[in-house]
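J.: starting from these lines, generate the structure:
(2 chains)
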2 protein chains.
Amino acid sequence: MAAWKNLDTLQAFDTLLGKKEGVDIAAKLSGENGAERVQKYSVKMAEGLQYNYAAKEVDEEILKILQDLADEAELTEKFKELYNGAVINTGENRLVLHHLTRGQLGDDVVAQGVNKRTFYTTQQKNIAEFAKKVHAGEIANAKGEKFTTVVQIGIGGSDLGPRAMYLALENWAKKNNAFRMEAKFISNVDPDDAAAVLASVDVEHALFILVSKSGTTLETLTNESFVKEALQKKGLDPAKHMIAVTSETSPLAKSSDYLAAFFMDDYIGGRFSSCSAVGGAVLSLAFGPEVFAAFLAGAAEEDKLAKNKSVLENPAMLDALIGVYERNVLGYTATAVLPYSQALSRFPAHLQQADMESNGKSVNRFGEPVSYVTGPLIFGEPGTNGQHSFYQLLHQGTDIIPIQFIGFVEGQCGVDVNIQGSTSQQKLSANVVAQIMAFACGKKDENNNKNFAGHRPSSIIYGKSLTPETLGALLSHFENKIMFQGFLWNLNSFDQEGVQLGKVLAKRVLAHETDGALKAYSDLFAI
Amino acid sequence: MAAWKNLDTLQAFDTLLGKKEGVDIAAKLSGENGAERVQKYSVKMAEGLQYNYAAKEVDEEILKILQDLADEAELTEKFKELYNGAVINTGENRLVLHHLTRGQLGDDVVAQGVNKRTFYTTQQKNIAEFAKKVHAGEIANAKGEKFTTVVQIGIGGSDLGPRAMYLALENWAKKNNAFRMEAKFISNVDPDDAAAVLASVDVEHALFILVSKSGTTLETLTNESFVKEALQKKGLDPAKHMIAVTSETSPLAKSSDYLAAFFMDDYIGGRFSSCSAVGGAVLSLAFGPEVFAAFLAGAAEEDKLAKNKSVLENPAMLDALIGVYERNVLGYTATAVLPYSQALSRFPAHLQQADMESNGKSVNRFGEPVSYVTGPLIFGEPGTNGQHSFYQLLHQGTDIIPIQFIGFVEGQCGVDVNIQGSTSQQKLSANVVAQIMAFACGKKDENNNKNFAGHRPSSIIYGKSLTPETLGALLSHFENKIMFQGFLWNLNSFDQEGVQLGKVLAKRVLAHETDGALKAYSDLFAI
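T.: The predicted structure is shown next:
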């Protein structure tokens, strides 16, 4: 059994605290050995991806301390316990099994008499069969016409991940003859969200997926009613247009209100559910089950690397350790995720949830307050767009914000134009490369206003192109990075008690059980 | 003439530094006088909006210091100089005239012999006439058929603001018979962006707006070529499908490549250009010129409030001052913008640019390094979505992140559903109200993991509904807040030298004029 200890009780962390000044990346990358550093400071990921950290403020000595920290914190041992079925989510007394949706890394995991790997693959098979019947028109609307659109109703983890993955693969699928149905998403309890999506959809040919693990999520059930009313107004039977993704114990599981139900369980947190039925149903319907399987395969390959004890062979763990060094020693408070790929437009929003909901905590896994900072603020937009927006602050602002770049050699659509001797894709790549160097090395100018101080660290994950496999690997990388950081901070990364109080108070407002300031605020909105 | 001084040379700031502990909002709002505070700590905005700061860590004493700070920093005097045509953008030797696109607050401003108010209103009139002809089918495609879609090609300020405003009013327009044409946006140099937008558009009936002040923006010109090639491939004449928004001196201004050209000038920064021809063309085409005029009227009304010397009658200035107190005294590094309105889904991204590009700087307006922190990190997503995502960190994370809520009593679409005794809109409002109180007051729990520390400050801007007028007022509020904060930090908020170095290096990469690390990075992308 691994020992769960606070970060500030580890000897290697104490050593790391001696490195309050990071390595001078401006010097390292400007110098003669800059090229060598770029080539050397790179770790292989799955599916041909690379994690390059040449522009991070580390050197051999710091890497050695980070390795010691990984060893002392028993990071891979803790991961092993996790995938072998230990109760890692202590607060909720639950296993943490999202890795098992895409592969088996260790022992058989049996819970309540069920082999969980079999459970997840059975769901995948059921979804695949259902999707194929929908695509073949064997499952169709009341008139026997094919469904053309799939609409996911879900919020948080039932929305952000699946939506980001759908957008990431939409154009790839169109280019590769894998596009089966358009997908749309309804999430917000704001009635304008559902109204606008419904107005944009041919409801008669739409299949809705209701996603709620508990079957009790306020927003989702409200939006379900919204959709049902819209269907009924058009003379359509909601039960013929709707499937459910939920847990077997939820009220939705065996309801005749749905064409079919597919299952997840309590061992998969919402923000880690893209590879479960939550992502599986919508992605299999949109792109076919083969594409979803390829996505899972990419994630499974990347997961295997997370078992490696050496930080130089475990990109997620290295990324996590460098992040903790930046957060707890160098004192940076945020991380920007900047994909140079329009297809990844919502990937930062997904990571914002996955990371901030997992590690935005102040007490350790034993419920004791910690005396160090934990999860950073995560944000981002695609490049080059961001370059014309908030990059000004990243380059010349008073705070340093480390950056996580993502880029690909090729685009997805295969359409391009050559202007002034280069393609758009080459311009895109040239920009991300230029940004890494601009941030790291800066540029002296006598006019202070045009001066770039440099010393702004970044890493880049890059590969040939964004495909189902590389997308899976990318997702796995960040999920595992978050897990390792949670281990380092000694947090339970798998509960989310911080979302509860708001729910309780909102119910009180709706029940008019308020007084004082809460009533006064409610009055402003005439509730 | 106002005196431009660094924040840390002001006596009132020194006094403010004595208030290192903000007011105990948990006590203030939980207590008997909580309701009174909610009612009292509110400032009238234009168009029926209110800025409520009851959950900010201020009291009468701190407000008094903030008023002194406003007076000593001569904030309204500086604003007066700005709208009367002083060279406020010193780095680029330019006037700052975006307010003049929506009203005249002071003297006539004449530059190069031209009355600038007349110049901007003339552009509005020209755009209105053009839009009406398009809507009437008098300006049509080669076959004489009406244009049905407008596609804006622009990046940064030519994209984020107009896009956010379009999305904010799209459903309102559909509901209010003001929807004329669908709008789409191409921004990223990633060829997949243009390819995907073009694939989603009926190109034969599409009108493209090329937006570039200088006429030299790499991304925009590249995307123009991309679009032209697509038009030509369909046998269409690009000159019959394209208009330009640019400055009169740009190469695009008098080109026969465009059906028409509308003008902005150097006195309007990209991120402040939503009210100029940059936003005017696309919004007038999408919703009709009357809607754009109503949007300008809302902004103009709000601008008038920014002239008031009293912080209690100048919501933008008060917001700015509280923000500086939070940033420079209380030490908070970021601000979350959380609109409880799906229509404002991209409003935070627009503010992220407007704020971070304006005030993400380390030198004052005289080019001298400042020794205090300046612009914070700005990010956000609509509620209630964010509640199921990053709010965990906002509630229980180790850093405090102040929040700027936005909410409306009514939705835009007028479609709703009553579930469990309340409508979706009521649930939405109940949630934002509940969040304010949850963040401010928290909740004690013996289980530390379920404990909410509270003391997390927020403000809320609220009103009846999101209309062209209230959207204009909202935009003006934040633009002026940013301006006042720039005055306080003694920055030039209107240039953006921080975006230059990346451009220079990217050109070098594309020209293969690289060595060392830059060449090594370029090799990774096979450039």
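J.: which residues touch A:Met356?
T.: A:Gly375, A:Leu377, A:Ile378, B:Ser389, B:Phe390, B:Gln392, B:Leu393, B:Gly397 (C-beta atoms under 8 Å, 6 or more residues apart in numbering or on different chains). Using the backbone N, CA and C atoms, a C-beta is placed for each residue, glycine as well.
J.: mark which of the residues you listed are part of helices, please.
T.: Judged by DSSP state H, the subset of these located in helices is B:Gln392, B:Leu393.
J.: how much space between A:Thr118 and B:Asp265?
T.: Here the criterion is C-beta to C-beta, to the nearest Å. By it, A:Thr118 lies 68 Å from B:Asp265.
J.: so which of the two has more stuff around it?
T.: Applying other C-beta atoms under 10 Å in any protein chain shown to A:Thr118 and B:Asp265 shows that B:Asp265 carries more neighbours, namely 22 against 14.
J.: touching, that one and B:Val245? I think so.
T.: No - the criterion here is C-beta atoms under 8 Å, and B:Asp265 misses it with B:Val245 at 11.4 Å.
J.: count the neighbours of the closest residue to chain B within the stretch 201-350 of chain A for me.
T.: The stretch 201-350 of chain A approaches chain B most closely through A:Gln342 (4.1 Å), counting by C-beta to the nearest C-beta. Other residues lying near A:Gln342 total 29 when counted by other C-beta under 10 Å.
J.: spell out which parts of the stretch 151-300 of chain A neighbour chain B.
T.: For the stretch 151-300 of chain A, the contact set with chain B under C-beta under 8 Å from any C-beta of the partner chain comprises A:155-157, A:159-160, A:170-171, A:174, A:187-196, A:199, A:218-219, A:221-223, A:225-226, A:229, A:270-271.
J.: of those residues, buried ones?
T.: A:155-157, A:159-160, A:170-171, A:174, A:187-196, A:218-219, A:221-223, A:225-226, A:229, A:270-271 (16 or more other C-beta atoms under 10 Å in any protein chain shown).
J.: taking those residues one by one, which sit in helices?
T.: Those of those mapping onto helices are A:160, A:170-171, A:174, A:191-196, A:218-219, A:221-223, A:225-226, A:229, per DSSP H.
J.: mind checking the SS state of A:Ala300?
T.: The local conformation at A:Ala300, judged by DSSP: H, G, I helix; E, B strand; the rest coil, is helix.
J.: run a quick neighbour tally on it.
T.: Neighbour count for A:Ala300, taken as other C-beta under 10 Å: 22.
J.: over to A:Gly454?
T.: Neighbours of A:Gly454 (other C-beta under 10 Å): 21.
J.: specify the local secondary structure of the residue in chain A sticking out farthest from the centre.
T.: For chain A, the residue at maximal distance from the C-alpha centroid (C-alpha atoms, centre = their mean) is A:Glu446, at 42.6 Å. Secondary structure, three-state DSSP: A:Glu446 is coil.
J.: how close does it sit to B:Ser362?
T.: A:Glu446 is 16 Å from B:Ser362, by C-beta to C-beta.
J.: what about the residue farthest from the centre of chain A, distance to chain B?
T.: A:Glu446 is 10 Å from chain B, where distance means C-beta to the nearest C-beta, to the nearest Å.
J.: pLDDT score assigned to that residue?
T.: With respect to pLDDT, A:Glu446 has a value of 94.
J.: again with A:Gly215
T.: On pLDDT, A:Gly215 comes in at 88.
J.: skipping adjacent residues, who's closest to it in space?
T.: A:Ser250 (3.2 Å; C-beta to C-beta, 6 or more residues apart in numbering or on different chains).
J.: ok, now A:Gly516?
T.: B:Gly34 (4.1 Å).
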